[in-house]
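J.: Just a sequence and a predicted model for now, questions to come.
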Amino acid sequence: MTKLTYNIEGMTCDHCVLHVTQALESVAGVKSAKVSLKKKQAEVRADETVNVENLESAVAAAGYKLVP
């Protein structure tokens, strides 16, 4: 299990946090995601099979930007 931290651009409210959390947790291999509006960051717990491109795509599809 790996813990990864990414900056998230475009979040303005708790509803945004929910969307980003759901997007990240929908990616295969992600066990959990904790998203902070205050820090504008996401902490992702995932297995080694997860790649950043899949995370970026999921967050982009939700309307936000993941910054590795």
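T.: Arrived safely, thanks for sending.
J.: Going by C-alpha atoms from here, please, whenever you check contacts or count neighbours.
T.: OK.
J.: Geometric centre of this protein: which residue is closest?
T.: The residue lying closest to the centre of the chain (C-alpha atoms, centre = their mean) is Leu24, at 4.2 Å.
J.: Show the pLDDT at that residue.
T.: Looking at Leu24, its pLDDT is 98.
J.: Double-check it against Leu55; I have them as touching.
T.: Yes - using C-alpha atoms under 8 Å, Leu24 is in contact with Leu55, at 6.1 Å.
J.: Once you drop chain neighbours, what's closest to Ser32?
T.: Arg45 (5.3 Å; C-alpha to C-alpha, 6 or more residues apart in numbering).
J.: Kindly apply the preceding question to Val50 instead.
T.: In space, Val50 is closest to Gly29, 5.6 Å off (C-alpha to C-alpha, 6+ apart).
J.: follow-up on the earlier one: what's near enough to touch the residue nearest to the centre of the chain?
T.: Listed by C-alpha atoms under 8 Å, 6 or more residues apart in numbering, the contact partners of Leu24 are Val30, Ser32, Ala33, Val44, Leu55, Ala58, Val59.
J.: just Gly29 next, same as before
T.: Going by C-alpha under 8 Å, 6+ apart, Gly29 touches Ala46, Asp47, Glu48, Thr49, Val50.
J.: Report pLDDT for it.
T.: 97.
J.: One more: Pro68?
T.: Reported pLDDT for Pro68: 83.
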